[in-house]
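**Q** okay, predicted coordinates and the sequence, questions at the end:
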Amino acid sequence: MSGAPRMTPVEAVDLLVQRYDEAVSALRGGVERFLRTGEPPTAEERARFRYPELRVVYHPDGAPPVNPRAFAKFSAPGLYTTTVTQPADFRAYLLEQLTPLYEEYGGEIGVGTGGQEIAYPYVYESGDELGRGGATAADLARYFPTPSLAVIGDEIADGQFEIRPDAERPLALFDAARVDYSLRRLVHYTGSDWRAMQPWVLLTNYHRYVDQFVAWGLEQLRSDPSVAKLVLPGNVEIDAAMSPQEAQTKAAGVVWHRFQMPAYHVVRRDGNGVSLVNIGVGPANAKNITDHIAVLRPHCWLMVGHCAGLRQSQMIGDYVLAHAYLREDHILDEAVPPNVPIPALAEVQVALQEAVASVTGDSGAALKRRVRTGTVVTYDDRNWELRWTQERRRFNLSRAIAVDMESATIATQGFRMRVPYGAMLCVSDKPLHGEIKLPGAANAFYERAIGEHLRIGLTALQCLQRSDAALHSRKLRSFDEPPFR
């Protein structure tokens, strides 16, 4: 960056947008010409198909500033870089990160051209545009950049990035190629545009929660003018201009089952909307979707799902506030070894407990009877009950109070990806005490409990929204953390 003029964060983001748009326009133009005439790009033209690069130099003059913020800090002097995609859509996030680095630390910001090429599928929204002219994917791959697993990874997030003296340091956890990869995966799995995903996320393992969430979203749309729209799978949009009957009919007609993990979004004008993703059952799904949601840098994700209660004193419909996890999901053992503790986040725990009190009206001893705080076992085997004789001692040693298949995975992913996390589960059966999930009893439980449980999750997010800066805990940051959260 030697000799580069010092620019403000706003100027830097404006230039990122300009450089990105120029690169996308050049890439699209090259593909369009090839589809029309068969003429491939020249080497000079292909050199323009690159992500812009954001650079920040930190040369401290005296002691670094002291503040309690968990992000937008430099760990050491030097040059920090990252490539950037979709800067117009990430404008607010980029400014949030850059402004303190510029104003408090005196960071010198610059924008250049990165070394990463933009894969041609990433500049088309649906891909249908590529079916013209008889060109195949193999034909396009001969002349245009394609997604390459060699340049996509989580080495920075997983602490595998080697920091050498006087070498560039990562400015963010995810570079442009990794972000673009996940943006496309989000569209594939959730069935809606990635831009619809909101910064406050609920994850559930039962479709019945979806019905309650959509009903809540429609009510919010009618009663709260700050709610802009409801976005459903298939990019179905419902806004306040529709009559209640029209909105209900449109919501009921959504073909959600076309998508593996359908997502539903209540979009607010102030940017504090809520998304619900039905992740299905199991730790593989839980890891999969959070791998991709993480690149959007959400403020929080919470698990609201069902669990098996392990204590005689628990009742069907009671709640479990996960305070620790016995990780038997095995999906993240290599990235985050099981002997690495996954801490509970105080702000999230308090918000969840306060939400239960607010929604149920319980307090004191009644609240303690209704909500049990303790260790949750997350299993990768749905029929763990068939292995009870082998697992009994471990369950006892851990003092576990509940079993599920996703909560520890979601918490570990939050820890790994620096996204605040928590889990409030509802006891739906007690297999150790003869109360197994039979169809009749299960349906009665679902009708009674799911609406209340969802309101608890939503109320907890409302509590957390009031202090989102404090929510980004320093517990989630390493000692050589990239400046961006």
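**A** Structure's in. What do you need?
**Q** give me the neighbour count for A252.
**A** When neighbours are counted by other CB atoms under 10 Å, A252 registers 9. Glycine gets a C-beta too; all of them are placed from N, C-alpha and C.
**Q** how close does it sit to F213?
**A** Separation of A252 from F213 (CB to CB, to the nearest Å): 14 Å.
**Q** ok, now P145?
**A** 39 Å.
**Q** so between the two, which is more surrounded?
**A** Using other CB under 10 Å, the more surrounded residue of P145 and F213 is F213, with 25 against 20.
**Q** in three-state terms, label E334 for me.
**A** coil (DSSP: H, G, I helix; E, B strand; the rest coil).
**Q** now do the contacts for it.
**A** Applying CB atoms under 8 Å, 6 or more residues apart in numbering to E334 gives no contacts.
**Q** can you check E45 too?
**A** Counted by CB under 8 Å, 6+ apart, E45 has contacts A26, G30.
**Q** quick one, phi psi at it?
**A** phi -70, psi -40 (degrees, to the nearest 10).
**Q** again with the one 10 residues further on
**A** Backbone torsions of R55, given as degrees, to the nearest 10, read phi -130, psi 140.
**Q** mind checking the SS state of the residue nearest to it when sequence neighbours are not counted?
**A** With sequence-adjacent residues excluded and distances taken as CB to CB, 6 or more residues apart in numbering, R55 is closest to G110, at 4.4 Å. Recorded secondary structure, G110: strand (three-state DSSP).
**Q** what's the neighbour count on G110?
**A** Neighbour count for G110, taken as other CB under 10 Å: 20.
**Q** state the pLDDT value of it.
**A** Reading off the confidence values, G110 has pLDDT 96.
**Q** quick check: next helix or strand after whichever strand or helix holds H188?
**A** Element membership for H188, per DSSP states H and E: helix 176-190. The first helix or strand that comes after helix 176-190 along the chain, using DSSP H and E, is strand 200-204.
**Q** and V57, bridged to which residues?
**A** L79, E108 (DSSP bridges).
**Q** dump the residue contacts of it.
**A** With contact taken as CB under 8 Å, 6+ apart, V57 is in contact with M1, G78, L79, Y80, G107, E108, G110.
**Q** correct me if wrong, but A322 is in a strand.
**A** Yes: under three-state DSSP, A322 sits within a strand.
**Q** surely it touches R372?
**A** No: the pair A322 and R372 does not pass the contact test of CB atoms under 8 Å, sitting 10.1 Å apart.
**Q** so these two - more neighbours on which side?
**A** Comparing A322 with R372 by other CB under 10 Å, the one with more neighbours is A322, at 28 against 20.
**Q** quick check: beta-bridge partners of that one?
**A** Counting by DSSP bridges, A322 forms beta bridges with G374.
**Q** which ones are touching it?
**A** Going by CB under 8 Å, 6+ apart, A322 touches M303, A344, G374, T375, V376, A402, S407, A411, G422, A423, M424, L425.
**Q** now it: how far from G253?
**A** Distance from A322 to G253, by CB to CB: 36 Å.
**Q** who touches both of A322 and R372?
**A** Taking CB under 8 Å, 6+ apart as the criterion, A322 and R372 both touch A402.
**Q** and G305, what element?
**A** strand 300-309.
**Q** partner strands of that strand and their direction?
**A** strand 200-204 (parallel), strand 400-404 (antiparallel), strand 421-429 (parallel).
**Q** how many neighbours does the nearest residue to F34 once chain neighbours are set aside have?
**A** Excluding its sequence neighbours, the residue lying closest to F34 (CB to CB, 6+ apart) is P40, at 5.9 Å. By other CB under 10 Å, 15 other residues sit near P40.
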